[in-house]
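Q: Okay, here's the prediction I keep looking at, along with the sequence it came from:
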Amino acid sequence: MKIIRCIFRKEFLHFFTSPATYVILAVFLGISGFFFHNIASYFALQCSQAADYQLVYNVPLPPMSVNLWIIRPFFSSLVTLVIFLIPIITMHNYAAERSKGTAELLLTSPITTSQIVWAKFLSSLVIYSILVAATISFHIITACYSSAGIDWAPVFTGYIGLFMLGMATIPIGQFISSMTSNQVIAAFLSFAFLLFLWIVDWSALFAEGMVSDIIGYIGIARHFENFARGIIDISDIVYFISIGTIGMFLTHQSVESWRWRGTT
């Protein structure tokens with residue numbers, strides 16, 4: 001456990017002592033804030049139009065749910081940013097070790113492959129969680145300016161879904177990073193694969209029967225959408241854990257192969 005903590009601390013401090021990290025954080029919050037502003041502005045426009053409609057036709061106002069109009073669309077938009085964020089976090093985990101020549105030193109140390117894989121995974125997951133948690137401020141702003149307030153349950157489940165999403169996709173990004181010494185290639189391939197997982201269930205619309213069910217189950221979107229709606233389903237949790245376990249296994253096997261085939 002001590003070795004895992006040491007590697008974790010090294011990875012964590014390396015990320016947050018880099019100036020590029022704060023550029024990433026600023027861009028991530030800037031774009032997510034842009035999404036939030038547009039979604040909230042559209043909701044305000046709909047409320048204004050509904051109020052005008054009431055004055056003209058003297059009919060009751062339709063229910064305007066903040067959670068339905070702002071919270072859920074915001075989480076769906078945030079996932080698209082996460083698909084970009086995960087490859088940026090994971091691209092250096094192993095590719096940098098190979099390109100800088102430090103992989104040999106790491107592998108010849110009295111450290112097991114499992115300790116390396118777990119430490120790098122946990123550090124990336126914590127870094128990812130910190131970056132995503134910074135967006136909670138948008139929901140606090142919404143609660144302050146909404147006369148009816150917001151239902152915090154879907155907000156909490158939405159962040160649980162984002163955490164599960166990170167837990168599932170970070171090992172995938174790390175596995176791809178372990179397959180190359182080029183960080184740019186690792187980031188691009190990770191993004192392409194995560195994007196595929198996000199949109200693959202679109203194909204379920206053009207399939208039938210069992211094929212449609214399988215394609216729909218593979219996609220991330222369907223499983224995350226339940227969390228965004230405030231629903232915690234065991235099958236969704238099993239899905240994310242399964243994807244993460246497969247990614248961890250593949251990463252372990254890839255790093256283990258460095259010991260007998262080299263890292264070049």
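A: Received it, and whenever you're ready, just let me know what you need.
Q: Surely S32 and L78 touch.
A: Yes - counting by C-beta atoms under 8 Å, S32 touches L78, with 5.9 Å between them. Heads up, the C-betas are built off the backbone N, CA and C, glycines and all.
Q: what touches both of those two?
A: Residues touching both S32 and L78 by C-beta atoms under 8 Å, 6 or more residues apart in numbering: T135.
Q: Of these two, which one has the most company?
A: L78 (25 against 22; other C-beta atoms under 10 Å).
Q: Could I get the average pLDDT for the helix or strand where that one lies?
A: Element membership for L78, per DSSP states H and E: helix 72-100. Per-region confidence: helix 72-100 scores 87 on mean pLDDT.
Q: what's near enough to touch I3?
A: 111, 115, 119.
Q: now it: how far from F188?
A: Plainly put, I3 is 32 Å away from F188 if you go by C-beta to C-beta, to the nearest Å.
Q: the helices in this protein, which residues?
A: 2-16, 19-57, 66, 72-100, 103-108, 113-133, 136-145, 152-178, 183-199, 209-218, 220-228, 234-261 (DSSP state H).
Q: where in the stretch 1-150 of the chain is pLDDT low?
A: Low-confidence segments of the stretch 1-150 of the chain, defined by pLDDT under 70: 51, 53-54, 56-64, 146-149.
Q: Just the closest of the contacts of I3 to L68, please.
A: A119 (41.0 Å; C-beta to C-beta).
Q: burial measure for that closest one, as a count.
A: 21.
Q: That one reaches I4, doesn't it?
A: Yes - assessed by C-beta under 8 Å, A119 is found in contact with I4 at 4.5 Å.
Q: about what we covered before: now the helix holding L78 against helix 234-261, angle please.
A: 10 degrees (axes from the mean of the first three to the mean of the last three C-alpha atoms, to 10 degrees).
Q: Quick check: buried residues in helix 72-100?
A: For helix 72-100, burial by neighbour count (16 or more other C-beta atoms under 10 Å) applies to 72-79, 81-98.
Q: Could you tell me how far stretch 155-165 lies from the centre of the chain?
A: Its chain's C-alpha centre and that of stretch 155-165 lie 9 Å apart, by C-alpha atoms, centre = their mean, to the nearest Å.
Q: I meant stretch 118-125, not that one.
A: The answer for stretch 118-125 is 14 Å, by C-alpha atoms, centre = their mean.
Q: Then stretch 99-106?
A: 28 Å.
Q: got a list of contacts for that stretch?
A: By C-beta under 8 Å, 6+ apart, stretch 99-106 touches 94, 96-97, 116, 181-183, 258, 263.
Q: One more: stretch 16-24?
A: 15, 85, 88, 127, 131.
Q: now do 7 Å
A: 15, 88 (C-beta atoms under 7 Å, 6 or more residues apart in numbering).
Q: Please apply the same query to stretch 26-42.
A: Identification of contacts with stretch 26-42 by C-beta under 7 Å, 6+ apart yields 70, 73-74, 77-78, 81, 85, 131, 134-135, 138, 142.
Q: For M248, state which of those residues is nearest.
A: L85 (19.4 Å).
Q: Show the contacting residues for the closest one.
A: L85 neighbours (C-beta under 7 Å, 6+ apart): 28, 128, 131.
Q: hmm, 8 Å instead?
A: Going by C-beta under 8 Å, 6+ apart, the list of residues near L85 reads 24, 28, 128, 131-132.
Q: quick one: which of those residues has the most company?
A: Counting by other C-beta under 10 Å, top hit in the contacts of L85: Y128 with 24 neighbours.
Q: tally of neighbours for the closest residue to that one other than its chain neighbours?
A: Excluding the flanking residues, the one nearest Y128 by C-beta to C-beta, 6 or more residues apart in numbering is G166, at 4.5 Å. By the criterion of other C-beta under 10 Å, G166 has 25 neighbours.
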